[in-house]
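1. next comes the sequence, and after it the predicted model I'd like to discuss.
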Amino acid sequence: QRMLSFSRRQDLRPIAVNLPELVHGMADLLQRSIGPHVQIETKFPIGLPLVKADANQLELALVNLAVNARDALPEGGTITISTKGLSKVAADADLAAGDYVCLTVTDTGHGMDAATLAAATQPFFTTKGVGKGTGLGLSMVHGFAGQSGGQFVLSSTVGVGTTAEIWLPVATALPMADEASAASPQETQPTPVRPLTILAVDDDAIVLMGTVAMLEDLGHRVVEATSGKKALETLRQTTVDLVITDHAMPMMTGLQLIAAIRQDYPDLPVLLATGYVELPAGADQSLPRLSKPFSLDELTDAINAVLSVSRADNVTFLRQRMRQATRAPTSPGVGPSPDHAGG
């Protein structure tokens, strides 16, 4: 996930964020993360505008910066988190012209020399001992800021300390966190009444094993396939209610598999599980997606959402499937099974 963030290809969900509220809301988490020997001070001006950002990823970025600042203060000290509004008049290669808010994390630690500072945001670079860091924290913050339409600026002086700045664009016409939650009423995400038969497709055996375990924990019956070709062969022999497929697979990608499924089984619900935020040009951008890595709750929500969106189509397809079953009970088919009709 951090590598996707560094490469600016993670799936962000930007909303209008109140930075002082976000920082104050995670004060206990930050203090526990850095320990009792380092104190946190905050400085926020009155009337600060909201920013456009993914709140969860911004919190993760702030924790990364706080932990790095703590590591620069082995004997204790103070970390200062502050904000200020800025206006950029002229665009350049790093930042477009516009209004921004700068979130700053400053420490009075040992600082970095020029060579260390130049490499600090590169993935896997770390000055920490073995087992004490991945070298991905600052690179993740750098990628997150850039993908959010802002930038990450790091400055440091040996013996003086380090200042990390996340520039974020001022929000316009975006819902706040509470409004974003209210925009997804529970009626649009019904919980399946009965277990589903789900075809899970992934060329990575370990990832596939994890997905299958999650689905089985949710009470579903799972059929596995390790390639697009095997998935299509399975569909000709097995009745399923939903297909969940990885995208980056050899020989046949997830998008190619979905195109083949839609050609032969146009009403069968499909869900694309991928860690990439961007789909290739010409792909259906409205395709239901599940961002990797995903939790059990996120998997549940994605399944419920894709079934809810296709419910009307599923009803039509279900009737067709039941008529086929009545005419030829022994013939294999694909789609929502008659046993799932009540769901």
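-> Everything's here; your move.

2. ok, L22 to S155 distance?
-> Using C-beta to C-beta, to the nearest Å, L22 is found at 23 Å from S155. Heads up, the C-betas are built off the backbone N, CA and C, glycines and all.

3. which one's more surrounded, the two?
-> A count of neighbours by other C-beta atoms under 10 Å puts L22 above the other of L22 and S155, at 17 against 14.

4. tell me which residues in the helix or strand hosting that one are buried?
-> Using DSSP states H and E, L22 sits within helix 19-25. Of the residues in helix 19-25, those buried by neighbour count under the rule 16 or more other C-beta atoms under 10 Å are 19, 22-23.

5. I'd like the residues you listed as JSON lines, with distance to G275 appended.
-> Formatted as JSON lines, the buried residues of helix 19-25 follow (distance: C-beta to C-beta, whole Å):
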{"residue": "L19", "distance to G275": "28"}
{"residue": "L22", "distance to G275": "25"}
{"residue": "V23", "distance to G275": "28"}
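
6. out of those residues, which is nearest to T253?
-> Nearest to T253 among the buried residues of helix 19-25, counting by C-beta to C-beta, is L22 at 37.4 Å.

7. who's in contact with that closest one?
-> Neighbouring residues of L22 by C-beta atoms under 8 Å, 6 or more residues apart in numbering: 55, 58-59, 62.

8. just the buried residues of these.
-> Buried subset of these (neighbour count, 16+ other C-beta under 10 Å): 55, 58-59, 62.

9. identify the farthest-apart pair in the residues you listed.
-> Going by C-beta to C-beta, the pair spanning those furthest: A55 and L62, at 10.5 Å.

10. ok now the helix holding L22, how far from the chain's centre?
-> 21 Å (C-alpha atoms, centre = their mean, to the nearest Å).

11. before we move on, what about stretch 104-111?
-> Worked out by C-alpha atoms, centre = their mean, stretch 104-111 lies 29 Å from the chain centre.

12. give me the subset of the contacts of L22 lying in strands.
-> Among the contacts of L22, no member falls in strands (criterion: DSSP state E).

13. pretty sure P250 is touching D203, no?
-> Yes. In this structure P250 lies within contact range of D203 using C-beta atoms under 8 Å: 6.4 Å.

14. which neighbours do those two have in common?
-> S227.

15. now do the strands in the stretch 151-300 of the chain.
-> Listed in chain order, the strands of the stretch 151-300 of the chain (DSSP state E, counting those that start in this stretch) span 151-157, 161-169, 197-201, 221-225, 242-246, 270-274, 289-291.
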